[in-house]
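# Below are the sequence and a predicted model for it; my questions follow.
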Amino acid sequence: FAIWDAEAQELFCARDAIGIRLLHYAQVGQRLYIATAIGSILAAQPDLRKVNLPIIQDFLAGRYGRWVYQTAYEEIARLPQSYTMTVRDGRISLQRYWVWGEQSLTRYQRDEDYIAHYRELFEKATLSCLRTTVPVSVWSGGGLDSAVTATTVDYLLEKYGLDVDAYLHSAVFKGIPSADESAYAEALAMHCTRFKGSRLLPSEDCWGFKEHGRDGGYPLDEPEPGIDRALTNRLYGAARGDGCRVCLSGEGSDNALLKGAYIYLDVLRDVPLKHLREELPYFIARSGHSWLGILARAYLRPAMPNFWRVLKRFKRRPEEMGWKVPTLPPPDEYLPVPEFSSQGGRTAYETLTRGHYAFRLAYFDILAASNGFEERYPFLDRRLVEYSLQIPPHLRFRRGTSKLILRQAFADILPAKISSRKGNTHLGDVIEPGVLGEERQEIEALLTNARVVSGGLIDEGQLRETWNTYVEKRDQNCYHKLMDVLPIEDWLRFLEDAA
């Protein structure tokens, strides 16, 4: 938000602590332009379209640190999350007002008390998200996080007699077994009896790149972080048909509670020595590293960070050298990591504040606004995030299971089919086929006379080789490289047309 103090002749702006809503600004001479959407600033000042090459180079290299405080335009900045901005006499001053992990929280002696407090905070967060005068859509495919969100909404509707029309919307893929969650979505729909309606949406045709660029009037102010827009728009379309304008989802739980905790090798340091033998096999199975490699990364890397940085650079594969233009990573000057009592808390903080997540949340905000919706995330409530970062490690993961505190806090209201669920589905099996199927011709057209090549960002021969290798061998490294390139290429062509 932005507030003008006429008496003090001072402008005060702030952004939420986690970065759900955007705020951009640009100073041109004696004028300051502020907007949630970059397009509004560009409409007032078209000359500000000069591309911020370092951030685009970082994007192609899979780095997103600059996204916290820069935009894809050289002269337009982004206010970082947890920051305020004060403008007086033409001078801009930024100040951080919230530091995660530095708040004093109640410590309990019993696990049951931690679990009860977590549930209390989540119910409060969900209740806040239900403050609306329009129908609410809850998105759930049958996974744990979204199921907890849906069942909590159902529980609160009865507990407080809320006058809120809630609908359950789920994308299902019955024709794609590896991605099919329809059985869980159906169980959830039957369980949530206080919802006004539920809809299971066949979405096998929402393959990757089906919608991209300016399709559907999407405001392509910056590159997108992926190629799955069609799937999200399928849910928005159904929610709009039921009169909804607010959406709730399980977004944020994976970060705050560390889904797949066993792939973050540093959190092994949270395991007491007496449980190390029991827990180590789970780290081996999930990470793919040997026990010796895991121990080295967990205990030796923090003690010798410079050595590991040099080793990583030395081990880079020759075929990767030159594929992306390297730039120096930016210093972590805006959101440095505070002290945490556990490595799990520190890692969760990093996943919540790093540039890639800021990039994703920015995309969600833009996509929701372009569809006429407001996204609300109970798991990203400030009180709940703060608490999640400081829970005891054994309530985060144990014996091969992650998010233990969440599973235990809501065991009494989750459908048995979901609470006992094992394994994950693979959404990539929905997204990826379109790249080599229905959208292949359009993708090949984008890769021909590519602007990323003419702009000096990528070597033409390597781009063509990467595409051919993916087509012939379904190489996943090549696939992920191409998924970085295609949104950039779309955006560069849009800028060219807008010039």
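Good, I have the coordinates. Predicted model, so just to flag it, every value in this text is computed and none were measured.
# The longest helix anywhere in the chain - what's its average pLDDT?
Ranked by residue count under DSSP state H, the longest helix found in the chain is helix 476-498. Average pLDDT, helix 476-498: 92.
# Equivalent analysis for stretch 272-291, please.
92.
# Which positions in it come out as buried?
279, 280, 282, 283, 286, 287, 289 (16 or more other Cβ atoms under 10 Å). Every residue, glycine included, has its C-beta placed from N, CA and C.
# Over to stretch 117-133?
Of the residues in stretch 117-133, 117, 118, 119, 121, 122, 123, 125, 126, 127, 129, 130 count as buried by neighbour count, 16+ other Cβ under 10 Å.
# what would the buried residues of stretch 272-291 look like in TSV with distance to residue 453 and secondary structure?
Shown next, in TSV, are the buried residues of stretch 272-291 (distance: Cβ to Cβ, whole Å; DSSP: H, G, I helix; E, B strand; the rest coil):
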residue	distance to residue 453	secondary structure
279	47	helix
280	46	helix
282	44	helix
283	41	helix
286	38	helix
287	36	helix
289	36	coil
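# Pick out whichever of those residues sits closest to residue 234.
Closest approach to residue 234 among the buried residues of stretch 272-291 (Cβ to Cβ): residue 286, at 31.0 Å.
# From what I see, the closest one and residue 265 are in contact.
No: counting by Cβ atoms under 8 Å, no contact exists between residue 286 and residue 265, whose distance comes to 9.7 Å.
# Quick check on the residue of the chain positioned farthest from its centre: phi, psi?
No residue in the chain sits farther from the centre than residue 7, which is 40.2 Å out by Cα atoms, centre = their mean. Torsion angles at residue 7 (phi, psi; degrees, to the nearest 10) stand at phi -70, psi -40.
# And the pLDDT at it?
At residue 7, pLDDT is 94.
# for residue 13, helix, strand, or coil?
Of the three states, residue 13 takes strand under DSSP: H, G, I helix; E, B strand; the rest coil.
# and it, what does it touch?
Residues in contact with residue 13, defined by Cβ atoms under 8 Å, 6 or more residues apart in numbering, are 1, 2, 3, 23, 25, 34, 79, 84, 85, 86, 87.
# Against residue 49, how distant is it?
Separation of residue 13 from residue 49 (Cβ to Cβ, to the nearest Å) stands at 23 Å.
# And stretch 67-81, end to end?
11 Å (Cα to Cα, to the nearest Å).
# Can you point out the buried residues in it?
By 16+ other Cβ under 10 Å, the buried positions in stretch 67-81 come out as 67-74, 76-81.
# What of stretch 102-115?
Applying 16+ other Cβ under 10 Å to stretch 102-115 flags 114, 115 as buried.
# Going forward, count from 51.
Noted, 51 is the first residue going forward, which turns the last one into stretch 152-165.
# Can you show me the CA trace of that stretch as CSV?
What follows is stretch 152-165 as a C-alpha-only set of coordinates in CSV (Å, rounded to 0.1, in the frame of the first residue of the first chain):
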residue,chain,number,x,y,z
GLU,A,152,13.5,-13.0,15.6
GLN,A,153,10.1,-13.0,17.3
SER,A,154,9.8,-14.5,20.8
LEU,A,155,7.5,-17.5,20.8
THR,A,156,6.1,-19.7,23.6
ARG,A,157,8.1,-22.8,24.3
TYR,A,158,6.2,-25.9,25.4
GLN,A,159,7.4,-29.0,27.2
ARG,A,160,5.0,-31.4,25.4
ASP,A,161,4.6,-32.1,21.7
GLU,A,162,0.8,-32.1,22.2
ASP,A,163,0.9,-28.4,23.1
TYR,A,164,3.0,-27.5,20.0
ILE,A,165,0.5,-29.4,17.9
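# Name the residues that touch it?
167, 388, 436, 437, 440, 441, 442, 444, 445, 455, 458, 459.
# ok, 10 Å please
166-167, 388-391, 432-433, 436-437, 439-442, 444-445, 454-461 (Cβ atoms under 10 Å, 6 or more residues apart in numbering).
# Show me the residues you listed that map onto strands.
For these, not one is inside strands, with DSSP state E as the criterion.
# Separate out the buried members of the residues you listed.
Buried, going by 16+ other Cβ under 10 Å: 167, 390, 436-437, 439-442, 444-445, 454-460, out of the contacts of stretch 152-165.
# so where do the strands sit in this protein?
Using DSSP E, strands in the chain cover 52-55, 60-64, 74-78, 81-85, 127-128, 133-138, 141-146, 186-189, 216-222, 247-252, 296-298, 424-426, 447-448, 451-452.
# could I get those as a markdown table with distance to residue 271?
Output for the strands of the chain, formatted as a markdown table (distance: least, Cβ to Cβ, whole Å):
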| stretch | distance to residue 271 |
| --- | --- |
| strand 52-55 | 19 |
| strand 60-64 | 19 |
| strand 74-78 | 9 |
| strand 81-85 | 10 |
| strand 127-128 | 11 |
| strand 133-138 | 20 |
| strand 141-146 | 21 |
| strand 186-189 | 24 |
| strand 216-222 | 26 |
| strand 247-252 | 28 |
| strand 296-298 | 21 |
| strand 424-426 | 18 |
| strand 447-448 | 38 |
| strand 451-452 | 35 |
